[in-house]
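**Student:** Let's see this in three dimensions:
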Amino acid sequence: MFSVHQRRVVVVGAARSGVAAAELLAKRGAAVMLTDLRPAIESADALRASGVALELGSHRPESFARADLVVVSPGVPPEHPALQAARERGVEVIGELELAWRWIQGRVIAITGTKGKSTTTTLVGRMLAAAGRQVLVGGNIGVPLSAQVEQSTPDTVHVVETSSFQLETTTTFRPWIAVWLNFTDDHLDRHPSIEAYAAAKARIFANQTAEDWAVINADDAVVVARSRAIHARPVLFAPSGRVTDGVVVESDWIVKRTAAGVERLVPAAAVELTGRHMLHNVLAAAATASTAGCAPEAMRSALRGFRGLEHVMEPAGEVAGVRFVNDSKATNVEAARRSIESFSGGVVAIIGGRFKGGDLTGLRAALAASGRAVVAIGEAAPRVRDALGGVVPIVGAASMREAVERGYEAAAPDGVVLLAPACASFDWFRDYAERGNVFKEEVARLRREKAAER
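**Tutor:** Have a look, this model is predicted:
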């Protein structure tokens, strides 16, 4: 049994997962030091009350030199010099996901992918709960896995969204069901190469055995190639329908094809979500829930009334015939492309932020088919102009308020203003959620102004 009793543990990074890891370690008897580059953190008083020592404003080499274990938050690059020095001393360096895994009692369903993780994770949790299973949903979405350890029982199923940053620091993490949704360029501001990013994602399968399951997107060439050498039992899903044994869409139903025949799981009409890619997320969720033993009736029940997550193709209101849609979570090019393709025409896309890699010219075809204009924002605005110029008119905006106003002007009288940034939010905002909330606030302000003019 893994024990940290009276061991000196350094936790690096005081975001959600780092704080959860520090609190868990303190409960388990470790002498915990949490270090963060910020000079002050909101949770300081609560952490000190839990017995966690804080080192703020810097990462001091001497703290790492005295550690028996280092736990790194997902936001901290594993190549950080302090972490490299700890490894050279023989200190084990792991991530928060790996730490929590070592104490989890129940089974884990882990879901990764460049796009769709949060929606799919939420749906799988809803489907299993509707089937009467004891379920905890979290990880990269909502509650860190470390914060679930105390609630974990042998009957618990943990449905966990896992990012590449979390997976790259795992060593023994072994999901009962591992799901890889898709793969496109992303996070190249953090990973040294696209190969390194793919390798991090593929770690979701690394420790699985023949007793486990791997849910694989049969339409994604990278996912298929990276899953050829796995030991788990494969379960295929294919949005294209090009598999004879797996989960596909057939005659307006999500069905499971096997040698024994075709089983209907979910009617496509039950999916109350905007965009073809959202149907793909439901397809993956149905494949996962079916693998976990969930009956079709529970899957259908879970979909009733589910209209998606905040900041994911979220309707943000209408102003004088112009619709506004908040897809702030579309932080990479592929996600933005799918967002734009969800509409038949009249799209004014707000694109930009802090560029994190990928090819913005990948949006040209979607904009040519459905776009009316682009509003370029943030640090990436010059890149947006260079990549998309000549396809649709491009206007700039120096704030989200200006972006909403310029978007409305370009979309009137009957278009859609779509926040699909294809970039990170960290130039103007704390995270994608703050960006989405500010967008919605500005839409509400614009609606009030236009109503007052009537």
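**Student:** going forward, measure contacts and count neighbours with C-alpha atoms only.
**Tutor:** Fine.
**Student:** The top helix by length along the chain: how far from the chain's middle?
**Tutor:** As assigned by DSSP state H, the longest helix anywhere in the chain is helix 432-453. The chain centre lies 25 Å from the centre of helix 432-453; the measure is C-alpha atoms, centre = their mean, to the nearest Å.
**Student:** which helices and strands does it pack with?
**Tutor:** Judged by 3 or more C-alpha pairs under 8 Å, 6 or more residues apart in numbering; DSSP states H and E, helix 432-453 is in contact with strand 314-319, strand 322-326, helix 400-411.
**Student:** residues of the host helix or strand of I94 that come out buried?
**Tutor:** Taking DSSP states H and E as the criterion, I94 maps to strand 92-95. In terms of neighbour count (16 or more other C-alpha atoms under 10 Å), strand 92-95 has its buried residues at V93, I94, G95.
**Student:** Now it: average pLDDT?
**Tutor:** In this model, strand 92-95 carries a mean pLDDT of 95.
**Student:** and the next element down the chain from that strand?
**Tutor:** Immediately after strand 92-95, counting by DSSP H and E, sits helix 96-101.
**Student:** Tell me the helix or strand right after that next one.
**Tutor:** Scanning forward in sequence from helix 96-101 by DSSP H and E, the next helix or strand is strand 107-112.
**Student:** Kindly export that next one (C-alpha atoms) in CSV.
**Tutor:** C-alpha atoms of strand 107-112 as CSV (Å, rounded to 0.1, in the frame of the first residue of the first chain):
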residue,chain,number,x,y,z
ARG,A,107,-12.8,1.7,-10.9
VAL,A,108,-11.7,4.5,-13.2
ILE,A,109,-13.0,5.5,-16.6
ALA,A,110,-10.5,7.9,-18.1
ILE,A,111,-11.3,10.1,-21.1
THR,A,112,-8.9,12.1,-23.2
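**Student:** partners of it, with directions?
**Tutor:** Note on strand 107-112: by DSSP bridges, its sheet partners are strand 156-161 (parallel), strand 177-180 (parallel).
**Student:** what's next to the last one, contact-wise?
**Tutor:** The contact list for strand 177-180 (C-alpha atoms under 8 Å, 6 or more residues apart in numbering) reads 108-113, 201, 204-205, 212-217, 223, 288, 292.
**Student:** With the first one instead?
**Tutor:** The list of residues contacting strand 156-161 from outside it, by C-alpha under 8 Å, 6+ apart, reads 105-112, 117-118, 121, 124-125, 133-141, 145.
**Student:** hmm, which of these are the buried ones?
**Tutor:** Applying 16+ other C-alpha under 10 Å to these flags 105-112, 117-118, 121, 124-125, 134-141, 145 as buried.
**Student:** Can you give the contact residues for stretch 274-282?
**Tutor:** 116, 119-120, 123, 239, 268, 271, 273, 313, 338-339, 341-343.
**Student:** Check the offset of that stretch from the chain's centre.
**Tutor:** The answer for stretch 274-282 is 15 Å, by C-alpha atoms, centre = their mean.
**Student:** avg pLDDT for it?
**Tutor:** 81.
**Student:** got the CA positions of it in PDB?
**Tutor:** Extracted in PDB, the C-alpha atoms of stretch 274-282 (Å, rounded to 0.1, in the frame of the first residue of the first chain):
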ATOM      1  CA  THR A 274     -25.900  22.000 -31.300                       C
ATOM      2  CA  GLY A 275     -23.400  20.700 -33.900                       C
ATOM      3  CA  ARG A 276     -22.500  17.500 -35.600                       C
ATOM      4  CA  HIS A 277     -19.400  17.100 -33.400                       C
ATOM      5  CA  MET A 278     -21.700  17.000 -30.300                       C
ATOM      6  CA  LEU A 279     -23.400  13.900 -31.800                       C
ATOM      7  CA  HIS A 280     -19.900  12.400 -32.000                       C
ATOM      8  CA  ASN A 281     -19.400  13.000 -28.300                       C
ATOM      9  CA  VAL A 282     -22.700  11.300 -27.500                       C
END
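**Student:** Count the neighbours of T156 for me.
**Tutor:** Neighbourhood size, T156 [other C-alpha atoms under 10 Å]: 17.
**Student:** before we move on, what about H80?
**Tutor:** Residues near H80, counting by other C-alpha under 10 Å, number 9.
**Student:** ok, now the one 5 residues further on?
**Tutor:** A total of 15 residues lie near A85 under the criterion other C-alpha under 10 Å.
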